[in-house]
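Trainee: coords please:
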Amino acid sequence: MMLYLAQTTGEPTGGVAGWAFDVIDALGGLGVGVLTALDSLVFGALPVDVLLPLIGYTASQGAINIGVAIVCAAAGVVAGSLVQYTLGARLGRDRARALLVKVPGIKPESVDRAEAWFARHGAKAVLFGRMLPVVRPLISIPAGVERMALPKFVVLSSIGSLIWNAMLLGSGYLLGENWRRVVDIMGYVPYVFFGALAVGVPLFLRRRNRRRKNAATANIETNTSG
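Mentor: Sure, this is the predicted structure:
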């Protein structure tokens, strides 16, 4: 049923897409989890950001339960990410990097970007990295290399994955036959995110410094009057 519905949209349903819909037709929501887990294992090589909105559309037509699809999609991401985390923890930075740059489609600068993102943002990199295509495929590797606390890694990965997959699947579900708009809009997400960081972080730091300065001034005045 899912493959038939996908074909009615005019989207190509051969190759990976056809396989994905065959799996989901056979396994239901679990098939969505298989798709996202495999995408994590192959470092984002599958077109899940296109397939998930399309799956959301088919859910609106009764092919699959949207809630089950969201939960299974997030669980699949976390499962695949745990494999990446373990890889980073077992191999260490140098060996993991040497392995990654040999994988077709992964450039050294992509590895550098993920490492720099994690080094700068730590736990927040895992949470928000699930929603940023530019770092999502590799962010679990540096988390494993740095031996980030595993429970924290799982929780943050789960939250980030739930949010992102709910956005993709839910948008496709709500837009129905116009699901393709989701793909066009999501291409701007990294720019919006980094733009918000560029504006928000300086404002946050300025307000924090102002509060500290005011608190220090108040303490001095209190001590002087005392």
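
Trainee: Grab the nearest non-local neighbour of P137.
Mentor: Nearest residue to P137, sequence neighbours excluded (CB to CB, 6 or more residues apart in numbering): G44, at 3.2 Å. Quick note: C-beta positions are derived from backbone N, CA and C, even for glycine.

Trainee: What about that neighbour, how many residues nearby?
Mentor: Number of residues near G44 (other CB atoms under 10 Å) recorded here: 19.

Trainee: just V78 next, same as before
Mentor: Using other CB under 10 Å, V78 is surrounded by 25 other residues.

Trainee: From what I see, it and I159 are in contact.
Mentor: No. The pair V78 / I159 is not scored as a contact, 10.0 Å apart, by CB atoms under 8 Å.

Trainee: What sits closest to the residue most central in space within the chain if chain neighbours are left out?
Mentor: The residue lying closest to the centre of the chain (CA atoms, centre = their mean) is R130, at 2.0 Å. Nearest residue to R130, sequence neighbours excluded (CB to CB, 6+ apart): G160, at 2.9 Å.

Trainee: and the gap between the one you found and K107?
Mentor: 23 Å (CB to CB, to the nearest Å).

Trainee: Do a quick rundown of the helices in the protein.
Mentor: For the chain, helices defined by DSSP state H occupy the ranges 2-8, 15-27, 29-41, 48-60, 66-100, 108-121, 123-129, 140-145, 150-175, 180-186, 189-225.

Trainee: Which of these has the lowest mean pLDDT?
Mentor: Lowest mean pLDDT of the helices of the chain: helix 2-8, a mean of 50.

Trainee: Now do V34 against V135, distance only.
Mentor: 23 Å.

Trainee: my guess is the residue nearest to the centre of the chain meets F153, correct?
Mentor: No. Checked against CB under 8 Å, the pair R130 and F153 is beyond contact range at 11.4 Å.

Trainee: before we move on, the earlier item: check contacts around the residue nearest to P137.
Mentor: G44 sits next to 133, 136-137 when contact means CB atoms under 8 Å, 6 or more residues apart in numbering.

Trainee: I'm done for today, thanks for sticking with me.
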